[in-house]
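1. Need coordinates for the below:
(2 chains)
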Protein chains: 2
Amino acid sequence: MGGKVRALGKHFIVEYYGCAPKLISYRDTVESVLLQAARIAKANIVKYDFHNFAPSGVSGMIIISESHFSIHTWPQYRYAAVDIFTCSETVNEQAAIDYMGRSFKAKKVDVSELERGVLSVINQKNNKAGSLDKEINNYR
Amino acid sequence: MGGKVRALGKHFIVEYYGCAPKLISYRDTVESVLLQAARIAKANIVKYDFHNFAPSGVSGMIIISESHFSIHTWPQYRYAAVDIFTCSETVNEQAAIDYMGRSFKAKKVDVSELERGVLSVINQKNNKAGSLDKEINNYR
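-> Numbers count the residues shown, from 1 in each chain, chains lettered A, B, ... in the order given. Sure, this is the predicted structure:
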């Protein structure tokens, strides 16, 4: 992106395959790993909640000042789906992604990056005589 | 997908552009719309939380039995980012997407669909002498 902001947010879609089932089965472990990942990324945690499905499998979310972390695990498939959505350049998502991969002992990690809130579309849809241009230029 | 399950989950990335700012500024409105959208989709709400940033802008997440709904709003850009992640064919995400678009008076709605937890990768990474094949074939 070369330093030029093209979107309000970056959204990392992270697929952890071949995880150790016991490490993604229960709320305590998964919550602890996701919270630590958010801290490692230097995200500001606002609130969070997790849910343990029966007999195993966890869903959880962390709202951060910069957007969110979420996780859903399927221990029977050794798979965990993580999202990191951030609107700040200060969040170190790579450190968080690496930490979670190590913590779950994932054999394969696939990461895709999406742009959210593309500024050219926002400009096109909202702009009345350039009123938003200045605001957008001041965004960072 | 022709009825054949290729992935554990479907993830809809929804971009609402040109929204009415007052409708995406405050927690009460945004929370009410997102919860109603989840109900319209026939998702099973497990837990949820929302946060109002100062002076305006909202982040919120709903854990559903089938995965999650999330939202982040930027009223100053008339933009809201919504995710619907579901692992069930019974969730009617389109009804939810349409309802939120109407509720926020969005001028443009962009929807992308991602597959999460691709079964061919899961098989490849986990399979020891076909042990997971039967389990995966029984998934639906």
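
2. element containing the residue nearest the centre of chain A?
-> The residue lying closest to the centre of chain A (CA atoms, centre = their mean) is residue A:84, at 0.6 Å. Here residue A:84, judged by DSSP states H and E, is contained in strand A:79-86.

3. Equivalent analysis for residue A:98, please.
-> Assigned by DSSP H and E, residue A:98 belongs to helix A:93-104.

4. which is the next helix or strand following that helix?
-> Following helix A:93-104 toward the C-terminus (DSSP H and E): strand A:108-118.

5. now the strands for chain A?
-> Using DSSP state E, the strands assigned to chain A run over residues A:7-17, A:45-52, A:58-64, A:67-74, A:79-86, A:108-118.

6. Does the first one reach chain B?
-> The one in question is strand A:7-17. Yes. Interface with chain B: strand A:7-17 contributes A:8, A:9, A:11, A:13, A:15, A:17 (CB under 8 Å from any CB of the partner chain). The C-beta positions use only the backbone N, C-alpha and C, and glycine is treated the same way.

7. list the helices and strands that strand packs on?
-> strand A:79-86, helix A:93-104, strand A:108-118, helix A:119-126, strand B:79-86, strand B:108-118, helix B:119-126 (3 or more CB pairs under 8 Å, 6 or more residues apart in numbering or on different chains; DSSP states H and E).

8. hmm, back to that, I'd like the strands of chain A as a markdown table, with mean pLDDT appended.
-> Compiled in a markdown table, those are given as follows (pLDDT from 0 to 100):
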| stretch | mean pLDDT |
| --- | --- |
| strand A:7-17 | 97 |
| strand A:45-52 | 97 |
| strand A:58-64 | 98 |
| strand A:67-74 | 98 |
| strand A:79-86 | 98 |
| strand A:108-118 | 97 |
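
9. bridging residues for the residue nearest to residue A:57 when sequence neighbours are not counted?
-> Closest residue in space to residue A:57, ignoring its immediate chain neighbours: residue A:73 at 5.5 Å, by CB to CB, 6 or more residues apart in numbering or on different chains. Judged by DSSP bridges, the bridge partners of residue A:73 are residue A:80.

10. What is the burial count for residue A:73?
-> Residues lying near residue A:73 (other CB atoms under 10 Å in any protein chain shown) number 29.

11. pretty sure it is touching residue A:80, no?
-> Yes. At 4.5 Å, residue A:73 counts as touching residue A:80 under the criterion of CB atoms under 8 Å.

12. the longest helix in chain A is where?
-> The residue-count maximum for a helix in chain A (DSSP state H) belongs to helix A:27-40.
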